[in-house]
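**Q** Starting from these lines, generate the structure:
(one chain, ligands or ions: 2)
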Amino acid sequence: MSFNEQFDQHGVWRRKFALRLKLLAEWMKVHDLLNAAVEERLQRLESQVRSDKVMVAFVAEFSRGKSELINAIFFAGYGRRIMPASAGRTTMCPTELGYDADVPPCLRLLPIETRLQKRALVEWRMVPEKWTCIDLDINNPAQLAQVLEQVAHVRRVTQDEARALGFWQDDCPEDNPPVGRDGLIEVPKWRHALINIAHPLLKQGLVILDTPGLNAIGAEPELTVSLIPQAHAVVFILAADTGVTKSDLAIWREHLITEGDGTDARLVVLNKIDTLWDVLSTPEEVQAQIDKQVATSADILGLPRSQVIPVSAQKGLVAKVTGDKALLEASQLPSLELALGQGVMGQRQKILRSAVAASIGELGKEAGRAMHIRRRDLAEQMIELRGLRGKNASVIKHMRTRIEEEQAEFDTSGSKIYAVRSIHLKLLRDLFNLLSTPTLKTELAELTHALKQSGIKLGVKKAYGQTFSRLREGLQKSQILSGEIQSMLTASFRQLNAEFGFSLQAPEEPELIRYVRDLEMIERSHLKYLGITNVLKLSQVEFSERLVRALATRLRMVYETALGEVELWNKSAASQLDAQLRERRRNFRRRLEAIERIQQAASGLDERIAEINEQEYLLNDLDAKLMELTSQLLGAPSLPSISQDAIPAAVNSALTAAV
Ligand SMILES: Nc1nc2c(ncn2[C@@H]2O[C@H](COP(=O)(O)OP(=O)(O)OP(=O)(O)O)[C@@H](O)[C@H]2O)c(=O)[nH]1
Ligand SMILES: [Mg+2]
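**A** Ligands and ions are numbered 1, 2, ... in the order given. Down below sits the predicted model:
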C-alpha cells in the first residue's frame, strides 16, 4: 500500500474515532455521567484526533529534486508539474503545503522584509493581513502551477540590505551569494509560503514542507530549530549523478542526524537514478551502477545500505502522468512510497493510538467511579429499607429523623471539603507559576543577554548549557511539587473517604519530568545548528535575536503542554469532589422521599425495594454499555498488514531502521 493509500486509511480511522467519541459524549450526557473533567478530556481527545497533523519535510541541497519528488508523490494527479522544479536554485523560500478549511484555496506569502522586524515566524502566522494572498483555482492545474511560481521569485538588493536580511556574512564570504555587475545581490522575495489547497491528503492532515538549499535553510533559524526537528518524517535527498557532496554532508549533519529518538522517520533518497540509465549498458550493468552509488552514499552517511532508497522522481512523475507502468516500475517510486507509508504512517498511528488509549482509560475510570458511587448508594438504601420491613410507624419516623440529622451534619462538614480544595489550589498556584511564561522569560534572560553582545560569541554554547540546566532544574522542582500535591491529595482523599464514605481517588499525577526529554531535543537541535556553519552568523545581532525568538516560541509550546496536563489533573480532582457532593446530596433527598412514601402508604416499602432492584439492573446495563463504547474506541485503526513478501528486502530493513 502506498503512502497515499495508508494516509487515506488513517484519515478514515480518525473520522470514525471522532464520531464514536461524539456518540460516547452524548450517551454520557443522557445518563448524567459527564462532569467537567470528563468533558474536558473528551474535548481534548476529539481535537487531538481531528487535528492530528503529519508533517513530512523534504530537506536537501538545491537542485537535488525535492520539489520534483513532491510533485511525483503527491501531485501527479494534476497531470502536470505543480511545484516549480527546474535546473539551478528554484524554491527560494520554505513552502508549506496544507489544508485549512476556514481559508479559501490560496497561496500566502510572507515578504522577506519581515525579517527586519522582531517577530518569530509563528507570530507572523497570526497576522494574516501581513501576508500577500493569491487565490488558487484548484480546477485549473495550469493556473495553480503558474501562481506557485511565486515561491521561486527573487529580489535584487544592495549588500547592506542583504546583510540586514541575513543573506550576507562578512565573515564567511564563500557562503555569500554572487554579486551582480550592478553590485546588487539576489535574495528571496518571500520569507515563507503557505499553500492552502483541498488536496485529499492535505485535507486529512498531511502537511508537506518543501525547503530551499543549504544556505537558505540556515538563514531562517526557526526552520532549523523548530520546523524540521518537529516534522514527523524528514526525507533527505541526494542525487545519483553528484553523489554525496560536501554541502550534502553539511545539511545531513546539521539537520538530519538525530540520536536515538525513535518518534520520527528519516528516509534517505538517492534521486535521479535515470541519469545512470544508459542504452549502451545492459540492465544488470545499470543496476550495478545504481547499487554502487547507493553503497557509496550509505557509507559516507554512516548508514546501512538498505536505508538508502534509489528513485527517479522525474521519471516517476512522467510515468504517472502518462500512465506508463513500465517506466513507473523503473523509477522505483513505488518502493519509496511504500517506505514512507509504513515508516511515517505506521509510526504516527502507533503514537496516536497509545495517546488515545491512555486517555480513554482515564475516561472509563472517571465514568466508572460515578457509577460505583451510585451502585453503593443503592446498596445502602436497600439495606436501610429492608431493615424497615415489618416495623411500625414510630420506627419509620425515627429513621426519618436520623436521615435528616445525617443530612444536616453533612451540610456543616462541607467546610472540610472546601479546605482540602483551597490547600490544593494554593499549591497548584505555585506549580503554575513555575511553568509560566514570565518564569520562562526570566530563565532565558541570561542567554538573550549573552547573544546580544556584539562581536564573536564564544561563550554562547556555555550560556545555552546553563540556561537549559536551569530549565531542567525548574522542571525537576515542578515534579517534586506535583509529587507533594499528589501526596496531599491522596492523604486528604483517604481521610474524606473514611469520614464520609466517599470513593475519591487521586487522579494520575502528570509526569512533568517527561518534558525534560523535549528540552534535551530542543537543546540538541540548537547546539547542532550552532556547531557547524552558523557560529559566525551569531556576530549579527539580528540573527541572534531571531534565534532566541525561535527558541522562546518552541519552549513556550512545551511549557504550555505541561500546563495543560496540570490543568486537567486539577480538574479531575475537583470534579470528583463535586460529583461526590452532588451524589451524596441527591442520595439524602432520595432516602427522605422513600421514607415519605412509606409513611403515606403501606405498600410503599415493597414498591421502593422493587424500584431499587430495577435501578441496579439498569446500572449494570449502563456499565456494560460504557465498556462497549470505550472498547470500540480503543479498537485498532484498520491498517491491513502488508504481506512481508510484498516488500522488497531493502525497503523492509530500511523501515525497521527508520522506525
Ligand atoms: N534526470 C532527472 N532529473 C531530475 C530528477 N528529479 C529532479 N530532476 C531535475 O532536477 C532539477 C532540480 O529539481 P528540483 O525539484 O527543482 O530540485 P530542488 O531540490 O527542489 O531544488 P531547489 O528548489 O533549488 O532547492 C529539475 O530540473 C528537475 O527536473 C530525476 O529523478 N531525474
Ligand atoms: Mg525546490
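**Q** all strands of the stretch 301-450 of the chain, in order?
**A** 308-310 (DSSP state E, counting those that start in this stretch).
**Q** what ranges of the stretch 151-300 of the chain fall below the confidence cut-off?
**A** 214-218, 258-265 (pLDDT under 70).
**Q** Spit out the contact partners of I595.
**A** By Cβ atoms under 8 Å, 6 or more residues apart in numbering, the contact set of I595 is 396, 399-400, 403. Any C-beta I mention is one placed from the backbone N, CA and C, and that applies to glycine too.
**Q** In helices only, show me the residues you listed.
**A** The members of these that map onto helices under DSSP state H are 396, 399-400, 403.
**Q** got a list of what the nearest residue to Q476 once chain neighbours are set aside touches?
**A** Setting aside the residues directly before and after it, Q476 is nearest to I513 in space (Cβ to Cβ, 6 or more residues apart in numbering), at 6.9 Å. Contact analysis of I513 by Cβ under 8 Å, 6+ apart lists 475-476, 479.
**Q** Any regions of this protein where pLDDT drops low?
**A** Checking the chain against pLDDT under 70 turns up 1, 214-218, 258-265, 454-458, 531-537, 602-603, 635-659.
**Q** can you list the residues of it near ligand 2?
**A** 66-67, 90-91 (Cβ under 5 Å from the ion).
**Q** if you set the cut-off to 8 Å instead, what comes out?
**A** Within the chain, the positions lying close to ligand 2 (Cβ under 8 Å from the ion) are 62-63, 66-68, 83-85, 90-91, 151-152, 210, 212.
**Q** So which of those residues reach ligand 1?
**A** 62-63, 66-68, 85, 90-91, 212 (Cβ under 6 Å from any ligand atom).
**Q** Now a PyMOL select for only the buried ones of those.
**A** Selection of buried members from these for PyMOL, criterion 16 or more other Cβ atoms under 10 Å:
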select buried, resi 62+63+66+67+68+85+90+91+212
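**Q** Tell me which entries of the ones next to ligand 1 among the residues of the chain next to ligand 2 lie within helices.
**A** Using DSSP H, those in helices are 66-68.
**Q** Select the longest helix from this structure.
**A** From DSSP H, the single longest helix across the chain is helix 541-600.
**Q** Can you give the distance of that one from its chain's centre?
**A** Relative to its parent chain, helix 541-600 has a centroid offset of 22 Å by Cα atoms, centre = their mean, to the nearest Å.
**Q** following it, which helix or strand comes up?
**A** Per DSSP states H and E, helix 541-600 leads on to helix 604-634 as the next helix or strand towards the C-terminus.
**Q** just the angle between that following helix and helix 541-600, please?
**A** 160 degrees (axes from the mean of the first three to the mean of the last three Cα atoms, to 10 degrees).
**Q** list the buried ones in helix 604-634?
**A** 604-605, 608-609, 612, 615, 619, 622, 626, 629-630, 633.
**Q** Looking at those residues, spot the one nearest ligand 2.
**A** Distance to ligand 2 across those (Cβ to the ion) is lowest for L633, with 41.4 Å.
**Q** hey, C-alpha coordinates of stretch 180-200 in PDB?
**A** C-alpha atoms of stretch 180-200 as PDB (Å, rounded to 0.1, in the frame of the first residue of the first chain):
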ATOM      1  CA  GLY A 180      25.800  41.200  -9.900                       C
ATOM      2  CA  ARG A 181      27.600  43.600 -12.200                       C
ATOM      3  CA  ASP A 182      25.400  46.400 -10.800                       C
ATOM      4  CA  GLY A 183      26.600  45.500  -7.300                       C
ATOM      5  CA  LEU A 184      23.200  44.100  -6.400                       C
ATOM      6  CA  ILE A 185      22.500  40.700  -4.800                       C
ATOM      7  CA  GLU A 186      19.700  38.300  -5.400                       C
ATOM      8  CA  VAL A 187      17.700  37.400  -2.300                       C
ATOM      9  CA  PRO A 188      14.400  35.500  -2.000                       C
ATOM     10  CA  LYS A 189      11.300  37.700  -2.500                       C
ATOM     11  CA  TRP A 190       9.400  35.800   0.200                       C
ATOM     12  CA  ARG A 191      10.300  34.600   3.600                       C
ATOM     13  CA  HIS A 192       7.800  31.800   3.800                       C
ATOM     14  CA  ALA A 193       5.000  30.400   1.700                       C
ATOM     15  CA  LEU A 194       1.800  28.700   2.800                       C
ATOM     16  CA  ILE A 195      -0.200  26.800   0.200                       C
ATOM     17  CA  ASN A 196      -3.800  26.000   1.100                       C
ATOM     18  CA  ILE A 197      -5.400  23.500  -1.200                       C
ATOM     19  CA  ALA A 198      -8.100  20.900  -0.700                       C
ATOM     20  CA  HIS A 199      -5.900  18.100  -1.900                       C
ATOM     21  CA  PRO A 200      -7.300  14.800  -0.500                       C
END
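**Q** Can that stretch be said to contact ligand 1?
**A** No: counting by Cβ under 6 Å from any ligand atom, ligand 1 is not contacted by stretch 180-200; separation bottoms out at 11.0 Å.
**Q** in terms of contact, does S2 touch E337 like I think?
**A** Yes: the pair S2 and E337 passes the contact test of Cβ atoms under 8 Å, sitting 4.0 Å apart.
**Q** When these two are compared, which one has more neighbours?
**A** E337 (21 against 16; other Cβ atoms under 10 Å).
**Q** right, and R369 touches Q576 too?
**A** Yes: using Cβ under 8 Å, R369 is in contact with Q576, at 7.0 Å.
**Q** higher neighbour count, those two?
**A** Under the criterion of other Cβ under 10 Å, the comparison of R369 against Q576 puts Q576 first, with 24 against 19.
**Q** quick one, helices of the stretch 51-200 of the chain?
**A** 66-74, 121-125, 141-148, 159-165, 200-203 (DSSP state H, counting those that start in this stretch).
**Q** ugh, wrong one, I meant the stretch 401-550 of the chain
**A** 414-434, 437-452, 460-500, 514-529, 541-600.
**Q** Could you tell me which residues of the protein lie near ligand 1?
**A** Residues of the chain lying near ligand 1 (Cβ under 6 Å from any ligand atom): 60, 62-68, 85-87, 89-91, 212-213, 271-272, 274-275, 312-314.
**Q** shared neighbours, R369 and Q576?
**A** Common neighbours of R369 and Q576, using Cβ under 8 Å, 6+ apart, are Q505.
**Q** Does H153 touch V187 like I think?
**A** No: counting by Cβ under 8 Å, H153 does not reach V187; the two are 10.5 Å apart.
**Q** of these two, who's got more company?
**A** When H153 and V187 are compared for neighbours, V187 comes out ahead with 21 against 15, by other Cβ under 10 Å.
**Q** give the contact list for the more buried one.
**A** By Cβ under 8 Å, 6+ apart, the neighbours of V187 are 112, 154-157, 161-162, 165, 167, 177.
**Q** rewinding a little: how about a markdown table for the contacts of I595, with neighbour count added?
**A** Shown next, in a markdown table, are the contacts of I595 (neighbours: other Cβ atoms under 10 Å):
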| residue | neighbour count |
| --- | --- |
| I396 | 16 |
| M399 | 20 |
| R400 | 17 |
| I403 | 17 |
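**Q** Grab the two from those that are most spread out in space.
**A** I396 and I403 (10.9 Å; Cβ to Cβ).
**Q** domain ranges for the protein?
**A** 54-153+189-331, 392-600 (automatic domain parsing).
**Q** what about stretch 336-347, start to end distance?
**A** 16 Å (Cα to Cα, to the nearest Å).
**Q** Now do it: distance to the chain's middle.
**A** 18 Å.
**Q** same deal with stretch 142-155?
**A** Worked out by Cα atoms, centre = their mean, stretch 142-155 lies 30 Å from the chain centre.
**Q** thinking again about what came up before, now tabulate the residues of the chain next to ligand 2 in TSV and tack on distance to V49.
**A** Putting the residues of the chain next to ligand 2 into TSV (distance: Cβ to Cβ, whole Å) gives the following:
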residue	distance to V49
F62	38
S63	39
K66	30
S67	31
E68	33
M83	30
P84	35
A85	35
T90	37
T91	32
V151	32
A152	37
D210	27
P212	33
